[in-house]
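[1] Need coordinates for the below:
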Amino acid sequence: MKARLPTNTGYKIRVRGRFDDQSVARLADVTDKFGVSETVLCGHLDDQAELHGLLERLQDMGFELLAVRREL
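    Here you go, the predicted model:
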């Protein structure tokens, strides 16, 4: 049985690297905040499937995942 998260759960996802305009456009519904060498994506996702899909897209784009934090 898959664990279901509450609808519209907030997340902060930290990746190594910086996004260009094209990369940001591919991640609709997520805002970004730039650091020196990393990016923090903040947004709300409906369920775990959407979270995993976003993480796969980030990996496909070549970003190294540093942290995923669920915001309550």
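
[2] Mind jotting down where the strands sit in this structure?
    9-16, 31-34, 38-45, 64-71 (DSSP state E).

[3] Ok, which of the ones you listed comes nearest residue 56?
    Proximity to residue 56 (C-beta to C-beta) singles out strand 64-71 among the strands of the chain, at 10.6 Å. For glycine as for every other residue, the C-beta is placed from the backbone atoms N, C-alpha and C.

[4] Wait, residue 68 touches residue 15, no?
    No. Contact criterion C-beta atoms under 8 Å: residue 68 and residue 15 do not qualify, at 9.7 Å.

[5] Spatially central residue in the protein, please.
    The chain has residue 13 as the residue nearest its centroid, 4.6 Å off, counting by C-alpha atoms, centre = their mean.

[6] partner residues bridging it?
    residue 41, residue 68 (DSSP bridges).

[7] Who has more neighbours out of residue 68 and residue 15?
    Shown here are residue 68 and residue 15; by other C-beta atoms under 10 Å, residue 15 has more neighbours (22 against 14).

[8] Can you give me the neighbour number for residue 64?
    Neighbour tally, residue 64, other C-beta under 10 Å: 11.

[9] Surely it and residue 13 touch.
    No. The criterion here is C-beta under 8 Å, and residue 64 misses it with residue 13 at 11.7 Å.

[10] Where does pLDDT dip in the protein?
    For the chain, the stretches with pLDDT under 70 are 1-7, 21, 24-25, 27-36.

[11] 80 instead?
    1-8, 18-37, 72 (pLDDT under 80).

[12] My guess is residue 41 contacts residue 13. True?
    Yes. With contact defined as C-beta under 8 Å, residue 41 reaches residue 13; the gap is 4.5 Å.

[13] quick one on the thing from earlier: ok, now which ones touch the residue nearest to the centre of the chain?
    40-42, 54-55, 58, 65, 67-69 (C-beta atoms under 8 Å, 6 or more residues apart in numbering).
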